[in-house]
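**Q** What would the 3D arrangement of this be:
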Amino acid sequence: MMNARRRQQGFTLIEVMVALAIVALSLTTVSAAISQMADAAITVQQRTYASWIAQNKIAEMRLANVVPEVSETEGDIVYAGREWLWTATVSETGVENLYRVDVAVSLAETAEQIRTVTGFVGEPVQPGLANAAWNSIGLSADPDADADDSGDRQ
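**A** Below is the predicted model of the structure:
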């Protein structure tokens with residue numbers, strides 16, 4: 001009877017080793033998953049920053065209010081505490097006075113393109129003339145005149 005009690009008091013060495021092996025495998029799997037999620041978060045952050053940098057370059061070209069030259073320019077910028085490289089390629093679109101701009105962005109230490117953003121830049125026009133085409137199709141510049149015309153149609 002005494003031998004039966006002794007066997008029921010604890011785990012055997014094999015049971016403890018199996019439990020430790022299961023815990024070790026589980027922890028390894030969890031740490032690998034966490035590492036993958038951290039890498040994915042860093043990649044998404046870099047792509048977002050690269051998109052913002054490229055969009056800013058396109059906006060700067062639009063705001064310069066000059067006809068862009070068909071060419072390739074490059075530069076660097078410090079953004080979010082890191083150095084980034086950008087390359088802007090201006091090409092013709094086949095539409096008069098409309099140019100395509102492709103801005104590729106990469107980190108300075110890798111030079112591998114993270115993101116390329118495409119935008120379009122047109123020939124600058126005099127302020128206020130952008131909507132002239134709308135006025136020529138029957139819409140008047142006076143909103144009250146359009147309101148009076150709509151009453152006659154009923």
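**Q** When you work out contacts or count neighbours from here on, use the C-alpha atoms and nothing else.
**A** Fine.
**Q** and the longest helix along the chain, what does it pack onto?
**A** Ranked by residue count under DSSP state H, the longest helix found in the chain is helix 13-63. Contact partners of helix 13-63 among helices and strands, from 3 or more Cα pairs under 8 Å, 6 or more residues apart in numbering; DSSP states H and E: strand 98-107, strand 113-122.
**Q** And those: which comes nearest residue 37?
**A** strand 113-122 (18.4 Å; Cα to Cα).
**Q** strand partners of the closest one, parallel vs antiparallel please.
**A** strand 98-107 (antiparallel) (DSSP bridges).
**Q** and the partner strand, how far out from the chain's middle?
**A** When distances are taken as Cα atoms, centre = their mean, to the nearest Å, strand 98-107 is centred 13 Å away from the chain's centroid.
**Q** quick check: mean pLDDT across it?
**A** The average pLDDT within strand 98-107 is 96.
**Q** Give me the angle between whatever helix or strand comes next after the longest helix of the chain and helix 13-63.
**A** As assigned by DSSP states H and E, the chain's next helix or strand after helix 13-63 is strand 72-79. With axes from the mean of the first three to the mean of the last three Cα atoms, to 10 degrees applied, the angle from strand 72-79 to helix 13-63 works out at 120 degrees.
**Q** Fine, thanks again, bye for now.
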